[in-house]
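# From the sequence below, what's the structure:
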Amino acid sequence: MPRSATLALLFSTSCCCLLLIAYSLRLRGHLAAARHEARHDELTGLPNRRAMLAHLDQVLSNPAHRVAVLLLDLDRFKDVNDEYGHAAGDFVLRHVAVALVRAAPPRTIVGRMSGDEFLIIVDGDADTARSCAQAAANALANATITLRWQPFHCHASIGLATAGPGHRAATELLAQADAAMYAAKQAGGGVREYHPDLTDLSRRTDNDRRRFR
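Next up is the predicted model:
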C-alpha cells in the first residue's frame, strides 16, 4: 500500500476513534443528567421522593443505625398560591429549600416530597432530631420573603419520628412522622414528636403508606 494511502487510512481511523469517544462522552453526559433528574426535584434541586425513600430504606436496613425523620408542611401555603399565584408559590418553595439546607447539620439530608411538604432525614438519635427540628423551625421563621411588597414569614408544622429497633420500612416511620405533623398542624404549627397516643395514626396510616410509596 502506498505511503499516502496508509497515512490517509490512519487519519480516517483516528478521526473515527475521536468521533466515537466524543459520542460516548456525550451519551455519558446525557445518562448522568437523566439519572440526576430522576432523583432530584426540578423546582428546588433537592432530592425527590424517590431518592429520599431509597435512602431511608437503606439506612433503616442497618439495625444499629440511629435515624430520625422530620416531615414539614408549610403553613398557609395555599393562601400564597390563591392570593399571589403559583409563580409566587414556587418562589416560596425555592426559598424554603435554601433555608432548610442551610440550617441542616452535617449528615442530614433535606428533600422535597411533594407540594409544600419537605422531608429531613437525620443521622442521629431523638435529641439530635429535636435540635434539627428547632433549627429548621427557626430558619423558616427568620426567612422573610417579599411578595408584592408585602413581607411573608414562613412557618411550618413539623412532625418528628425516631426509628426504633423494630423499624425496617420507611413507610412506617413516615406514617408516624405524618401523624405527628398532622397533630402539630391541628395545634397551630410548631414541632410535634410522635408518640403512640396520637390517635390520628390509626386513621391515617393506610392512606399515608400508599402516599409514601
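
# Report whether Ala177 is found in a helix, as I expect.
Yes - under DSSP: H, G, I helix; E, B strand; the rest coil, Ala177 falls within a helix.

# so it sits right up against Thr162, yeah?
No - in this structure Ala177 lies outside contact range of Thr162 using Cβ atoms under 8 Å: 9.3 Å. Using the backbone N, CA and C atoms, a C-beta is placed for each residue, glycine as well.

# Mutual contacts of the two, please.
Tyr194 (Cβ atoms under 8 Å, 6 or more residues apart in numbering).

# between these two, who's got more neighbours?
Using other Cβ atoms under 10 Å as the criterion, Ala177 and Thr162 rank with Ala177 on top: 28 against 22.

# Could you pull up the contacting residues of that one?
Ala177 neighbours (Cβ under 8 Å, 6+ apart): 69-71, 159-161, 194.

# Which of these fall in strands?
69-71, 159-161 (DSSP state E).

# Against Glu193, how distant is the closest residue to Ala163 other than its chain neighbours?
Distances taken as Cβ to Cβ, 6 or more residues apart in numbering put Val67 closest to Ala163, at 4.8 Å, once the chain neighbours are dropped. Taking Cβ to Cβ, to the nearest Å as the measure, Val67 falls 15 Å from Glu193.

# Which residue ranges make up each domain of the chain?
Domain assignment for the chain by automatic domain parsing gives 1-39, 49-211.

# Comparing the ones you listed, which stretch has the densest surroundings?
domain 49-211 (a mean of 18; mean count of other Cβ atoms under 10 Å).

# Right, I'll leave it there.
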